[in-house]
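Novice: Structure for the following, please:
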Amino acid sequence: MLTSWYIDKDPTSGFIRNNFYPRNEVTRLLHTRISDARPFWWGHSTFEPNVLYKETDPIIFKQILSEVPSPKDNNIFILQIDNVIDEIFNYDITNPLNILPDHIIDWLRYFEFVKIVFFDAKEFNDVNIPENICVAATLIQRTKHKLQNDVIYLNSGSNTEELVEWGKHLPQWMTFLGSPFYPQLNFSNLAKERFHKHIYKARPGDSKFITHTYPVEKYLDISKVTKKFLMYVGRPRFGRVILAYKIIGNISDKNILYRINRPGHKANEPFYLPDSENDFGLSKKHRVMYNRIMTDTPAGNIDLETDNYESELWFLFPHPETYQKIFLDIVHETFSDGDLVTNHKKPGFSNSKVFITEKIFKPLITLKPFIVNANPGYLKHLRNLGFKTFGKFWDEQYDEETSYEKRTDLIVNILKKLDSMSKEDLENLHDDMKPILLHNRKIAEEFIYGESVWVRRLINHFKGSHGFKKINYI
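Specialist: This next block holds a predicted model:
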């Protein structure tokens, strides 16, 4: 058990709050009062505001000054931040420690055994200790306020493994925790608030929103299946688009539902790639594929209310009717470039990361088999989390293949075989898959309804706090 100390509760929502950190105010300060700061896009947190404050979490919540903390307990003070930009740690007017009320600083100073937890809750961050954690900036604030408290940085980024080498540079009072494989597996906290508000009107005391919206019996029945495949490509990342090009060219149009987002606001999502060497490092053949998808290929045969799939109401959840129509989900994960991009300015960013997101939860929830376009090792990590994959039914060697070209060809070959199967053969295949589909649904619900992944991370840390590594992950 942990004892989490909080400042007060929001008078409107009743939510516990600790950070006194209004994003709009911070944005205004950065844009108007810090002359040397570049303008930044403040990304929204994909977790609900109180991801660490669920009733099911193994935490005791106590308000500061309500009683005296005991040094025998594991005491934490959480500062939930949205660290989209490094500057929040570097300036006095935005540093999370420096903007705390004086009486809270006094309380932390007096109870120096209370650990300060920076909880960086967002979709993804390519963490680099000297920049994002800003050890020096935290040290300055810690010294300025005469604090002796240990600091834990709980990061939701996916590439924590790369930080192990930096562990020897961390001071004794700082510990870095994170998870390289499943920052978004706590799916209920990713979008439950949006789901309840717009889609499922929960009855009082009813939290089983997935159970009621996607009943098992309904989705195990494939009598309404009219398409063999579903493919949401999402934002046009290179690794996604080029595989989509191969799939569309090899799969019968009548057997696939698909949607390809057009380029958005990101610099690495261009409308057109010049037919020459460029900063993106793609071969001429792959540039041609990308350009054809962006210009000649229809955006898809799935009707949307907007041009941007990410703006759709069902973006974070499987659309019930659509998932009833399909046999298999082709999941295009966030990172799948592998060695496709040869001169990436940030090697290892999208080339090697295993990043498990809400995308895989769609087939898991709706009891569908899946093929995943991701960097090598994705399925292995999924199995490590307790899920089962489909190596019994087709060759999943593609998950181990480090060559993007070979890996995507292996995926296309699997889909071509499935595309040629009769309806009767697919039904028999589905019958054999049912134990796996039911198992995956069960494990998915455990993640959805269970304790917060990040609370679990803190609990595991304190269980092994003696001699614990300075950097660790689940």
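
Novice: can you give me the helices in the stretch 301-450 of the chain?
Specialist: 320-325, 358-365, 378-384, 404-419, 423-449 (DSSP state H, counting those that start in this stretch).

Novice: Could you export those helices as a markdown table, including mean pLDDT and distance to S283?
Specialist: (C-beta placed from N, C-alpha, C; glycine too.) Listed next are the helices of the stretch 301-450 of the chain as a markdown table, based on pLDDT from 0 to 100; distance: least, CB to CB, whole Å:
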| stretch | mean pLDDT | distance to S283 |
| --- | --- | --- |
| helix 320-325 | 93 | 34 |
| helix 358-365 | 90 | 27 |
| helix 378-384 | 88 | 24 |
| helix 404-419 | 97 | 9 |
| helix 423-449 | 91 | 36 |
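
Novice: For those helices, state which one has the densest average packing.
Specialist: Mean neighbour count (mean count of other CB atoms under 10 Å) peaks for helix 358-365 among the helices of the stretch 301-450 of the chain, with a mean of 23.

Novice: closest one to V216 among the helices of the stretch 301-450 of the chain?
Specialist: Proximity to V216 (CB to CB) singles out helix 423-449 among the helices of the stretch 301-450 of the chain, at 6.4 Å.

Novice: sorry, back to before: H103 is nearest to which of the helices of the stretch 301-450 of the chain?
Specialist: That would be, of the helices of the stretch 301-450 of the chain and by CB to CB, helix 423-449, which comes in at 37.6 Å.

Novice: Show me what the closest one is packed up against.
Specialist: helix 187-198, helix 209-213, helix 216-220, helix 358-365 (3 or more CB pairs under 8 Å, 6 or more residues apart in numbering; DSSP states H and E).

Novice: tell me the strands in this structure, going along the chain?
Specialist: For the chain, strands defined by DSSP state E occupy the ranges 2-6, 8-9, 16-17, 59-63, 75-81, 115-120, 151-155, 174-178, 227-234, 256-260, 326-332, 370-373, 471-473.

Novice: For T389, find the nearest of these.
Specialist: Nearest to T389, of those and by CB to CB, is strand 370-373 at 8.1 Å.

Novice: OK, contacts around the closest residue to L243 other than its chain neighbours?
Specialist: In space, L243 comes closest to T408 once its chain neighbours are excluded; the distance is 4.7 Å by CB to CB, 6 or more residues apart in numbering. Residues near T408 by CB atoms under 8 Å, 6 or more residues apart in numbering: 242-243, 246, 373, 398.

Novice: Tell me which of those residues has the lowest pLDDT.
Specialist: Least confident of the contacts of T408 in the model: I242, at 92.

Novice: do you know how far the closest residue to that one other than its chain neighbours is from E405?
Specialist: Spatially, and ignoring its direct neighbours in sequence, I242 is nearest to M289 (5.0 Å; CB to CB, 6+ apart). Taking CB to CB, to the nearest Å as the measure, M289 falls 11 Å from E405.

Novice: cool, F390 as well?
Specialist: 23 Å.

Novice: rank the helices and strands packed on helix 423-449 by pLDDT, which is bottom?
Specialist: Looking at those, the weakest mean confidence is helix 187-198, a mean of 50.

Novice: May I ask you to confirm that the residue nearest to I242 is in contact with L243?
Specialist: No - using CB atoms under 8 Å, M289 is not in contact with L243, being 9.4 Å away.

Novice: Does H430 touch I222 like I think?
Specialist: Yes - counting by CB under 8 Å, H430 touches I222, with 5.5 Å between them.

Novice: Give me the common contacts of those two.
Specialist: F327.

Novice: Name whatever forms a beta bridge with L230.
Specialist: Applying DSSP bridges to L230 gives these bridge partners: L257, D329.

Novice: unless I'm mixing things up, it is touching E321, no?
Specialist: No - the pair L230 and E321 does not pass the contact test of CB under 8 Å, sitting 11.6 Å apart.

Novice: Give me the common contacts of those two.
Specialist: By CB under 8 Å, 6+ apart, no residue touches both L230 and E321.

Novice: Contacts only, for E400.
Specialist: 376-377, 380.

Novice: any idea how far it is from P274?
Specialist: 34 Å.

Novice: could the contacts of E400 be laid out in a markdown table, adding distance to I140?
Specialist: As requested, the contacts of E400 are arranged in a markdown table below (distance: CB to CB, whole Å):
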| residue | distance to I140 |
| --- | --- |
| P376 | 41 |
| G377 | 39 |
| K380 | 42 |
